[in-house]
Every structure is written in structure tokens, then in C-alpha cells.
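Chemist: no sequence for this one, just the structure:
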């Protein structure tokens, strides 16, 4: 799975506006479909209050946050699976991302054109799901036809097919009805069996409701529709007002942004929950290193062991890994200094088999 988040949706729902605000790098945006053809890519800092608190306790010369990649993919339309609206290029872009942020228009504005000439979140989501499902159906069908013929090759292949063919059949049945693969493939062994198909509808989804100012604090009917669909798919829902986020992104100083947020009744930008949700949904976690030169958040895949995390910093650290000094960031906040963490017996020495936890503060010992 790619370690990035693709912003997907129908044309003119606010994808490029949100992407520009997220990355603070202007993507081409306009009031007409297919403004974005080639995907825009942006690297985004992950908001993490823990890193700020670490820097207060262990003041460094610089602070470096973790990052995550966002990709702004042009709008899909009905018929994209057959190549409509440059659909083939767009579908190829979606296959390359790890998580889909599905932007859904949840506001009325007669001055902004909707590709279907009406605001219908449920119908918009259905359009995207059907197009991705139809494209996935073709992928699965090709594999099913090829795999079926291999049963005659050997008993080993026959045994393999006894497991995989029913999975393909289940997928074909669901996808033909526009039901995403993630709704029917939930078993880990089944996921491994179809991993190499790179199915778009198997990717996790975050629904992003693009709302107006009135719906920021209280859901409107459009957002309620999206929440109902997301509940059925066990997906997250994030509310964002693209207009407000654009205004925030245009402000130069942190103080100006803080004052603006307070004026509209927000404690933080709506983009922060989206960035954190994308990071988390990708299976990414954070460990920290801290010292007078640098306090830094490092990204690792959930379940990684200490040597692999050492390799995130430098390959030599992994090759020559000996031990890791570890404590959790919550202990630093509790005791107020690294020295007091040590005195409390919370600093540990961990070896090669240690599974790193989100929020660990680490110092690696190595020899090459």
C-alpha cells in the first residue's frame, strides 16, 4: 500500500481547494470540471501537540515534525471506468495511493456548478463507488478467468484455487452491485490473497464533508447523509469548510491564523483532523528523538521493531543496531524531565525484538 492519501471526488466539490489549503501550495482550481488533470502532490506536516510539548521540556535548536503525502486527483464522473472524462488516467492515480480522502460537497451555492446540477451527497458517493467498483470488477474478472484455468495444471494449484476462487467470486458478486471490496473482504488471509490485485475499493476511505460556515459546528442534512454511509463502511468522517480553510491558508502569521480561528469559533483548522486521520489510517505511527540539537518526530509503520525504526533515521543504525534506550512521551510529560524519567525507573533498554509503540522517545545504540 502506498504511503500517501489521495483526494478524490466528483468535479467541483472542493478537492483542489482543500488540497491547496492542506499543503499551502496552490493547486489549480476553477469553477469548471476537469481543471486538474495531472495529480498535484504535496508533503504535509502532521500536527502533533506532543512534539510541541517535548520542545518545551527539552528545548532544541530546531523542531522537525512528521510528514505525510497528499495527492490531488482530478474529479471522476459517471462512466470513468469506461474512460469517460479522462477516467483511465484518474483511476491509475487512485491505484497508486494508500488511503482515499473522498471529498463530498455538503453545501448549497448556486454560483458554483455541480456536475450533476444538484447537491446529492448520497448520489455523489454512489457514483464514485460504482465507477471504482466497475473498474475493480474488470481486474478481478481477468484474474478469475486466468486462475480458473490453472486448476488443471497441478494438484497444488487446484488446492490454491479452492481457497482463492471463492474469494474472487464473492468479490465479483459485490462489485457488480457497486459494493466496495472493503465491505466484503475483512479477513486478513483474504486481504493477503487479493493484495496483488491493488483493488481501489479495498483501500480505506475517509469521507471529507466540504461544508459552508453554518455547518461547521452543527451538521446539516447533507453531512448526516454522509455519516450514515460512513457508519455502514466503518469509515471516518471529517468536516471541513473549504472557504474558511482557504482564508486561513492565506494568512501569514500563526497569530493571525489563531485570531481568525477564534473569530469563527474553532480551536484548530479543520485540516488538522484530516491530516491526522490520513496518517493514522495509513498505519503510520510516530516515535521521537529529543536533544539540544533537534527534537524530531519520525514515522514508522505500526508493528515495526526497534532495528527497523533505527533504520528510519539511518541505514547504519539498523545494520549496527545494539540496543535502544526507550521511554514513552507521556512519562516525560508526567515527570517533567528526562532525568526524572530515569529516576522513576521509566527508562528501559530494549533489544532487537522490541515492537516500537506510538509515542516512544528513543535513543539508539549501534556499532558498525
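Modeler: Structure's in. What do you need? Since the structure is predicted, the reported quantities are computational estimates derived from the model, not experimental observations. Residues are numbered from 1 along each chain as shown.
Chemist: Give me the buried stretch members for stretch 328-342, please.
Modeler: For stretch 328-342, the neighbour count (16 or more other CB atoms under 10 Å) marks 328, 329, 331, 332, 335, 338, 341 as buried. The C-beta positions use only the backbone N, C-alpha and C, and glycine is treated the same way.
Chemist: correction: stretch 300-314
Modeler: 300, 304, 305, 306, 307, 308, 309, 310, 311, 312, 313.
Chemist: Which residues does it contact?
Modeler: Stretch 300-314 is contacted from outside by 283-287, 289, 298-299, 317-319, 321, 324, 326, 350-356, 358, 362, 364, 366, using CB atoms under 8 Å, 6 or more residues apart in numbering.
Chemist: Generate a PyMOL selection restricted to the buried subset of the residues you listed.
Modeler: Buried members of these, identified by 16+ other CB under 10 Å, are gathered into one PyMOL selection as follows:
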select buried, resi 284+285+286+287+289+298+299+317+318+321+324+326+350+354+356+362+364+366
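Chemist: which ones among the contacts of stretch 300-314 are found in helices?
Modeler: Assigned to helices by DSSP state H, the following of the contacts of stretch 300-314 qualify: 317, 318, 319.
Chemist: quick one on the thing from earlier: inside strands: which ones of the buried residues of stretch 300-314?
Modeler: Mapping the buried residues of stretch 300-314 onto strands (DSSP state E) picks out residue 300.
Chemist: Helix or strand: which one has the most centrally placed residue in the chain?
Modeler: Centroid-nearest residue in the chain: residue 278, 2.7 Å away (criterion: CA atoms, centre = their mean). Take DSSP states H and E as the rule and residue 278 turns out to sit in helix 271-281.
Chemist: how far out from the middle of the chain is that helix?
Modeler: Averaging C-alpha positions (CA atoms, centre = their mean, to the nearest Å) puts helix 271-281 6 Å from its chain's average.
Chemist: list the buried ones in that helix?
Modeler: By 16+ other CB under 10 Å, the buried positions in helix 271-281 come out as 271, 272, 273, 274, 275, 277, 278, 279, 280, 281.
Chemist: Can you tell me which of the residues you listed lies closest to residue 93?
Modeler: Closest approach between these and residue 93, by CB to CB: residue 278, at 16.1 Å.
Chemist: Now do the same contact list for the nearest residue to that closest one once chain neighbours are set aside.
Modeler: Nearest residue to residue 278 in three dimensions, chain neighbours excluded: residue 5, at 3.9 Å (CB to CB, 6 or more residues apart in numbering). By CB under 8 Å, 6+ apart, the contact set of residue 5 is 68-71, 97-101, 206, 278, 281-282.
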